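Asker: Pasting the sequence and the predicted model now:
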Amino acid sequence: MTEPGAVKLTAEDRATAEEGRSSVPLLGAINNWFFAPVDARAYAAFRIGYAAATACVLLDLWRLRHTLIGHASMIDNAGGHWVRAPINCFLWVQSSPTGVSLLLGIALLACLLLGLGIGVRLSALVLWVYQVSLGAAVLPAYSGFDAVLRVLAIVVLISPTSSVWTVRARDGERPPTKLPRYGLRLIQWQFLLIYTSTVWLKAPDIFWRSGEAVAYFSMSMFARIPGAHLANWPAVYTFLTWSTLIVEAAIPWLMWKRSTRLLGLVLGLSLHFGISLMSKIGLFAVVMAPMYMAFLEARDFEAISAWLSKSAGLWRRFRISRRDGPNADTD
């Protein structure tokens, strides 16, 4: 029975209404995915880590700046690719070694200011321009970790900021403890793409599939101590090769889940530490480490803080016991 005055809905109207109702939770889930509040310390930790990683790469480049950048460098910068680059601040100083040093010094200053939280967006913009210019000026020597730093500079530029862990924080001021998470999501996606594409490129390779890649790498110019020391240990180099693939494939998914995040963090940092020990491409590990900070939540920072406090207390008791002997008061 239809009540008097009621509007009779057709099947199409009911389907439209159902679609509208079902889309609301989807929009809410998308909004929560990108803009739900997260601990501001995650942004602060990533900002400081990114600034430190960029400074390390810059300092590594410093000794080769005149060899790689400038009109008299080993790279033929007169070949035309500089002219085609949309942004290249090194064009202004290509004939001046002092100018090259000055621009690198400005980039280092931007790293320092970014780490301290002074002029965050301007510092990130300076570093992005520097990275784009570097790619134009030394394209043959531009590495994968340089490209990662360039992408992350944009993320820092557009991410929300606060005075958490900065010199801008004033006594008595309570900076925002929660910020929208969209910037961290962009970092997490980049993190996922890097590891997934790495495994995608390695898996079809015959040397990775046979387990021999690490053995051949240890004999290459990129090994920290080149030699055939692993060639006679097939079980060792096969384990290292396959375990590297497995860990790289698992890390992004372990970091996404809260219950497995600690395992992902330990495996990821251990993997990069091992690569740094065995190879001369340790800077890639330095660049990747700050991206792990994008996955941390409030409970993670509380756990880290508690662990640091406990460690500091144990260290203090140890120092007192050594200074005062066995009768020291350690309360």
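Answerer: Right, received. Where do you want to start? Numbers count the residues shown, from 1 in each chain.
Asker: Ala136 versus the closest residue to Gly144 other than its chain neighbours, what's the distance?
Answerer: Nearest residue to Gly144, sequence neighbours excluded (Cβ to Cβ, 6 or more residues apart in numbering): Phe284, at 6.7 Å. C-beta coordinates here come from the backbone N, C-alpha and C atoms, glycine included. As judged by Cβ to Cβ, to the nearest Å, Phe284 and Ala136 stand 22 Å apart.
Asker: swap in Ile194?
Answerer: When distance is defined by Cβ to Cβ, Ile194 is 23 Å away from Ala136.
Asker: Tell me, how many residues neighbour Leu263?
Answerer: 14 (other Cβ atoms under 10 Å).
Asker: got the contact list for the helix or strand hosting Leu134?
Answerer: For Leu134, the element it lies in under DSSP states H and E is helix 120-137. With contact meaning Cβ atoms under 8 Å, 6 or more residues apart in numbering, helix 120-137 is reached by 47, 51, 54, 68-69, 75, 77, 81-82, 85-90, 94, 103, 106-107, 110-111, 113-114, 142, 146-147, 149-150, 153-154, 156-157, 161.
Asker: And for Phe295, the neighbour number?
Answerer: Phe295 - counted by other Cβ under 10 Å - has 22 other residues nearby.
Asker: these two touch, right, it and Arg261?
Answerer: Yes: the criterion here is Cβ atoms under 8 Å, and Phe295 meets it with Arg261 at 6.1 Å.
Asker: Now the common contact residues for those two.
Answerer: Joint contacts of Phe295 and Arg261 (Cβ under 8 Å, 6+ apart) are Met255.
Asker: neighbouring contacts of the helix or strand that the helix holding Leu134 is followed by?
Answerer: Beyond helix 120-137 on the C-terminal side, the first helix or strand identified by DSSP H and E is helix 144-158. Here helix 144-158 makes contact (Cβ under 8 Å, 6+ apart) with 46-47, 50, 53-54, 57, 114, 120-121, 124-125, 127-128, 131-132, 134-135, 183, 186-187, 190, 194, 283-284, 286-288, 290-291.
Asker: The chain - how does it break down into domains?
Answerer: Listed domain ranges for the chain are 38-162, 181-296 (source: automatic domain parsing).
Asker: And these: which comes nearest Asn32?
Answerer: domain 181-296 (9.0 Å; Cβ to Cβ).
Asker: Give the rounded mean pLDDT of the closest one.
Answerer: Computed over domain 181-296, the mean pLDDT rounds to 91.
Asker: Equivalent analysis for stretch 144-164, please.
Answerer: On average, stretch 144-164 scores 92.
Asker: Could I have the CA atoms of that stretch written out in PDB?
Answerer: Listed next in PDB are the C-alpha coordinates belonging to stretch 144-164 (Å, rounded to 0.1, in the frame of the first residue of the first chain):
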ATOM      1  CA  GLY A 144      69.000   6.700  -8.700                       C
ATOM      2  CA  PHE A 145      69.300   8.200  -5.200                       C
ATOM      3  CA  ASP A 146      69.500  11.700  -6.700                       C
ATOM      4  CA  ALA A 147      66.200  11.100  -8.500                       C
ATOM      5  CA  VAL A 148      64.700   9.900  -5.200                       C
ATOM      6  CA  LEU A 149      65.800  13.100  -3.500                       C
ATOM      7  CA  ARG A 150      64.300  15.200  -6.300                       C
ATOM      8  CA  VAL A 151      60.900  13.500  -5.900                       C
ATOM      9  CA  LEU A 152      61.000  13.800  -2.100                       C
ATOM     10  CA  ALA A 153      61.800  17.500  -2.200                       C
ATOM     11  CA  ILE A 154      58.400  18.100  -3.900                       C
ATOM     12  CA  VAL A 155      56.700  16.100  -1.100                       C
ATOM     13  CA  VAL A 156      58.400  18.200   1.500                       C
ATOM     14  CA  LEU A 157      57.400  21.300  -0.400                       C
ATOM     15  CA  ILE A 158      53.700  20.500  -0.400                       C
ATOM     16  CA  SER A 159      53.400  18.700   2.900                       C
ATOM     17  CA  PRO A 160      51.900  20.400   6.000                       C
ATOM     18  CA  THR A 161      54.400  21.800   8.500                       C
ATOM     19  CA  SER A 162      54.500  22.600  12.200                       C
ATOM     20  CA  SER A 163      57.100  23.700  14.700                       C
ATOM     21  CA  VAL A 164      57.500  20.200  16.100                       C
END
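Asker: Now do that stretch: distance to the chain's middle.
Answerer: Relative to the centre of its chain, stretch 144-164 is centred 9 Å away, using Cα atoms, centre = their mean, to the nearest Å.
Asker: If you count neighbours, what's buried in that stretch?
Answerer: Using 16 or more other Cβ atoms under 10 Å as the test for burial, stretch 144-164 gives 145-146, 148-150, 152-153, 155-157, 159-164.
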